[in-house]
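1. Predicted model and sequence follow; I will ask about them next.
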Amino acid sequence: MKTERRSDRIKRRVTCELLVDGRRYRGIVLDLSETGVFVQTEATPTPGAPLRLRFHAADGTAFEVEASVARRQVAVTRGRSARAKTIEIDGLDEA
């Protein structure tokens with residue numbers, strides 16, 4: 001049985017950084033909604049793990065979002081497999 005999403009998803013490709021257990025990883029947002037983002041990354045946090053997402057604006061300013069991993073799946077891109085995570089947003093902090 002399929003469950004309804006809480007928010008509509010918008011497809012966007014935006015670069016971001018993930019901060020997980022003191023380490024930084026690059027990521028690409030594949031889609032986003034009011035309640036979460038789907039990020040392609042090499043980071044491998046377990047579902048429920050806390051992390052921070054950092055976004056940089058064109059003018060050089062940055063902001064961070066506190067988040068936790070809702071679920072993890074492997075996505076295939078251009079014939080290669082890459083790790084992708086669905087990350088649920090918990091709150092927002094200024095960078």
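-> Good, I have the coordinates. Keep in mind it's a predicted model, so treat the numbers as computed, not measured. Numbering: from 1, shown residues only.
2. what's the distance between the residue positioned nearest the centre of the chain and D59?
-> Compute the mean C-alpha point of the chain, and by CA atoms, centre = their mean the closest residue is V39, 3.7 Å away. For V39, the distance to D59 equals 23 Å [CB to CB, to the nearest Å]. Glycine gets a C-beta too; all of them are placed from N, C-alpha and C.
3. How much space separates the residue nearest to the centre of the chain from H56?
-> Using CB to CB, V39 is found at 15 Å from H56.
4. SS state for the residue nearest to the centre of the chain?
-> Using DSSP: H, G, I helix; E, B strand; the rest coil, the structure places V39 in strand.
5. And the strands in the protein?
-> Assigned by DSSP state E, the chain shows strands spanning 10-20, 23-32, 36-41, 50-56, 62-77, 80-94.
6. who's the nearest residue to R24 once chain neighbours are set aside bridged to?
-> What sits nearest to R24 in space, not counting adjacent residues and going by CB to CB, 6 or more residues apart in numbering, is E17, at 5.6 Å. According to DSSP bridges, the partner residues bridging E17 are R26, R54.
7. E17 touches L51, doesn't it?
-> No - the criterion here is CB atoms under 8 Å, and E17 misses it with L51 at 10.2 Å.
8. Pull up the distance across stretch 46-58, start to finish.
-> End-to-end distance of stretch 46-58: 31 Å, with CA to CA, to the nearest Å as the criterion.
9. May I ask which helix or strand of the protein has the lowest mean pLDDT?
-> Ranked by mean pLDDT, DSSP states H and E, the weakest helix or strand in the chain is strand 80-94, scoring a mean of 54.
10. Wait, Q40 touches G27, no?
-> Yes - here Q40 reaches G27: they are 6.5 Å apart, a contact under CB under 8 Å.
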